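[1] return a 3D structure for these sequence lines:
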Amino acid sequence: MTGVLGYSLSDMLAVEAAAASGKRQPRAKNVLVVLEQGAMSHVDTWDPKPDVVAEHRSPFKPVNTNVPGIQFTELLSKTGRVADKLAVVRSMFHPKSGANGHPQGTQYMLSGSHPRGPLEMPDIGSIVARIQNSECSYLPPYIMVPGNSEQAKESRTGFLPAALKVFKTGGKDVSAADWQVADLLPRKENADSRLDGRRQLLSNLESGFLGSNRSVGGMQKFYDQAIDTLTSAKVSRAFDLGSESVSTRKNYGPGHRGACYLVGRKLIEAGVRFVTVDVRWPRTKEFPGGGNMNWDHHDFIYSKGTCNLPGASGAGRGRRGIGTWEMMGSTDQAFAALIEDMDDRGLLADTLVCFISEFGRTPRINKYQGRDHWTSAYSIAFAGAGVRGGQIIGRSDKDGGYVADKPHTPEEYASTIYESLGIDLDNPLYTPSNRPVLFGHAGEPIRELF
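    Residues are numbered from 1 along each chain as shown. Have a look, this model is predicted:
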């Protein structure tokens with residue numbers, strides 16, 4: 001079984017030793033990534049450009065935050081109230097071409113490695129799970145909520161074993177009263193005494209091997225985790241939004257996005273090492289014309305309703321305008337609530353929170369009144385785990401088209417996560433053919449954050 005799953009005792013011991021002897025003390029115990037997939041327009045959110053010519057200017061005005069001198073646009077007015085806890089990097093860019101489509105761009109941000117490299121790299125979360133596992137024994141160490149957007153399939157284990165694949169909760173509408181994570185619940189026919197019997201049988205079969213075969217013993221923790229997942233009452237509680245107060249639910253906002261962000265917080269609170277929230281608002285009668293509501297606003301980005309208007313190119317089909325509730329309205333409320341909630345609960349002190357998108361959008365409005373893909377400048381944000389809040393790192397030029405100061409890359413974003421967790425970037429992982437992979441050497445951590 002060890003061979004089938006790709007682990008060996010020596011490999012596991014080497015990884016554990018590497019983690020134990022890491023040179024850097026961790027700032028973070030856990031990581032929560034908010035992946036707003038589809039390429040959010042930076043000039044309409046984090047990086048206002050009020051002096052752009054009227055033809056290409058965002059209609060959303062700059063507003064002051066709770067940090068003097070820092071402004072976001074009015075679409076982030078609630079988030080502006082927690083700006084003192086945020087560090088916004090306005091100088092992200094892709095250093096080479098080949099990742100300006102959503103699948104490649106998403107894979108780039110999930111892995112922190114260019115998707116057209118010589119070796120397919122695992123997700124950052126899978127690497128973290130391999131090296132550090134998780135303090136939460138009854139849940140997988142790397143979870144995505146809900147993980148059902150069209151780009152969620154871009155997650156990878158690369159050269160690592162399939163056992164380190166991200167666990168996706170699923171769920172069309174996580175706010176629905178009947179939402180549950182079915183794959184973490186035991187089948188009825190295998191529950192209770194029958195499950196206990198199977199566990200005892202496994203124990204009896206293993207008893208003759210554990211004393212002499214250390215590799216089998218090394219796998220025991222994975223079997224135990226699977227049993228804990230199926231038997232622990234804590235599993236259902238970790239996903240039970242009904243256990244949250246009415247005021248907490250209200251703070252995050254009604255509907256799918258707020259519920260996803262809240263589940264992300266609950267999983268961090270449970271001790272899951274690496275959580276990614278990947279939201280796409282579901283198709284509902286409440287918001288007609290919205291069938292694929294990520295941030296891919298090629299058409300009529302400033303529509304007050306559907307972007308499927310006469311004259312649209314079709315490339316932005318299924319979106320609603322960026323300023324609508326189900327787009328930036330719900331995002332602004334949910335993210336502000338997440339930061340405040342985690343701070344109030346003491347979770348922000350040792351959780352690195354990352355708000356990301358796979359790239360930005362063009363500084364110029366196209367003939368369909370939308371903005372297209374843009375990798376030359378975009379913004380991401382960080383909070384928690386020692387991040388020095390209330391600062392802007394880097395800047396784009398006057399139009400938001402190109403980085404003008406302190407450029408940073410997805411590779412640097414990934415290295416920032418690894419170093420924050422105390423992972424030694426000088427210790428490689430190994431492919432099945434025993435090839436060493438220095439997974440964090442393509443970019444230095446973003447030092448200004450700390």
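
[2] would residue 105 count as being in a strand?
    No. Per DSSP: H, G, I helix; E, B strand; the rest coil, residue 105 lies outside any strand segment and is helix.

[3] and the spatially closest residue to it that is not a sequence neighbour, what pLDDT?
    In space, residue 105 comes closest to residue 358 once its chain neighbours are excluded; the distance is 3.2 Å by C-beta to C-beta, 6 or more residues apart in numbering. C-beta: built from backbone N, CA, C; applies to glycine. The confidence metric pLDDT takes the value 97 at residue 358.

[4] span of stretch 136-155 from start to end?
    With C-alpha to C-alpha, to the nearest Å applied, stretch 136-155 spans 22 Å between its terminal residues.

[5] whoops, stretch 162-173 was the one
    Across stretch 162-173, first to last residue, C-alpha to C-alpha, it's 28 Å.

[6] which parts of it are buried?
    Residues 163, 164, 165, 166, 167, 168, 169, 170, 171, 173 are the ones in stretch 162-173 that count as buried (16 or more other C-beta atoms under 10 Å).

[7] quick one: residues contacting the residue nearest to residue 105.
    By C-beta atoms under 8 Å, 6 or more residues apart in numbering, the contact list for residue 358 reads 37, 38, 39, 99, 102, 105, 106, 108, 109, 151.

[8] helices of the stretch 101-250 of the chain, start to end?
    Under the criterion DSSP state H, counting those that start in this stretch, helices of the stretch 101-250 of the chain are mapped to 102-111, 124-132, 192-210, 214-218, 220-231, 233-239, 246-252.

[9] tell me, which of the ones you listed is the model least confident about?
    Among the helices of the stretch 101-250 of the chain, helix 214-218 scores lowest, at a mean of 45.

[10] tell me where the stretch 1-150 of the chain is predicted with low confidence.
    Applying pLDDT under 70 to the stretch 1-150 of the chain flags the ranges 1-24.

[11] how does it look with 80?
    Along the stretch 1-150 of the chain, segments meeting pLDDT under 80 span 1-24, 149-150.

[12] do the same with the stretch 301-450 of the chain
    For the stretch 301-450 of the chain, no range has pLDDT under 80.

[13] quick one, strands of it?
    351-356, 360-361, 373-374, 378-383, 391-393, 395-396, 403-405, 429-430, 436-437 (DSSP state E, counting those that start in this stretch).

[14] what sits up against the third one?
    I take that to be strand 373-374. 39, 100, 101, 105, 359, 360, 361, 362, 363, 401.

[15] would you list every one of the strands in the stretch 51-200 of the chain?
    Going by DSSP E, counting those that start in this stretch, the stretch 51-200 of the chain shows strands at 62-64, 71-73, 86-92, 142-146, 167-168.

[16] need the ones you listed in a markdown table with distance to residue 385, can you?
    As requested, the strands of the stretch 51-200 of the chain are arranged in a markdown table below (distance: least, C-beta to C-beta, whole Å):
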| stretch | distance to residue 385 |
| --- | --- |
| strand 62-64 | 27 |
| strand 71-73 | 22 |
| strand 86-92 | 11 |
| strand 142-146 | 18 |
| strand 167-168 | 23 |
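
[17] circling back: out of the contacts of strand 373-374, which are buried?
    39, 100, 105, 359, 360, 361, 362, 363, 401.

[18] residues in contact with the closest residue to the fourth one other than its chain neighbours?
    Just to be clear, that refers to residue 359. In this structure, residue 359 finds its nearest non-sequential neighbour in residue 375, 4.5 Å apart by C-beta to C-beta, 6+ apart. Contacts of residue 375 were listed using C-beta under 8 Å, 6+ apart, and they are 93, 94, 97, 99, 100, 105, 359, 360.

[19] was I right to think the fifth one contacts residue 362?
    Just to be clear, that refers to residue 100. No. Assessed by C-beta atoms under 8 Å, residue 100 is found out of contact with residue 362, at 11.1 Å.

[20] next, count neighbours for residue 63.
    14 (other C-beta atoms under 10 Å).

[21] and it, how far from residue 416?
    Per C-beta to C-beta, to the nearest Å, residue 63 is found 28 Å from residue 416.

[22] residue 183 now?
    31 Å.

[23] between the two, which is the more surrounded one?
    Using other C-beta under 10 Å, the more surrounded residue of residue 183 and residue 416 is residue 416, with 27 against 10.

[24] is the nearest residue to residue 264 once chain neighbours are set aside in a helix, a strand, or coil?
    Excluding the flanking residues, the one nearest residue 264 by C-beta to C-beta, 6+ apart is residue 277, at 4.3 Å. Under three-state DSSP, residue 277 falls in the strand class.

[25] who touches residue 404 in this structure?
    Residue 404 neighbours (C-beta under 8 Å, 6+ apart): 91, 394, 395, 396, 397.

[26] alright, I will stop here.
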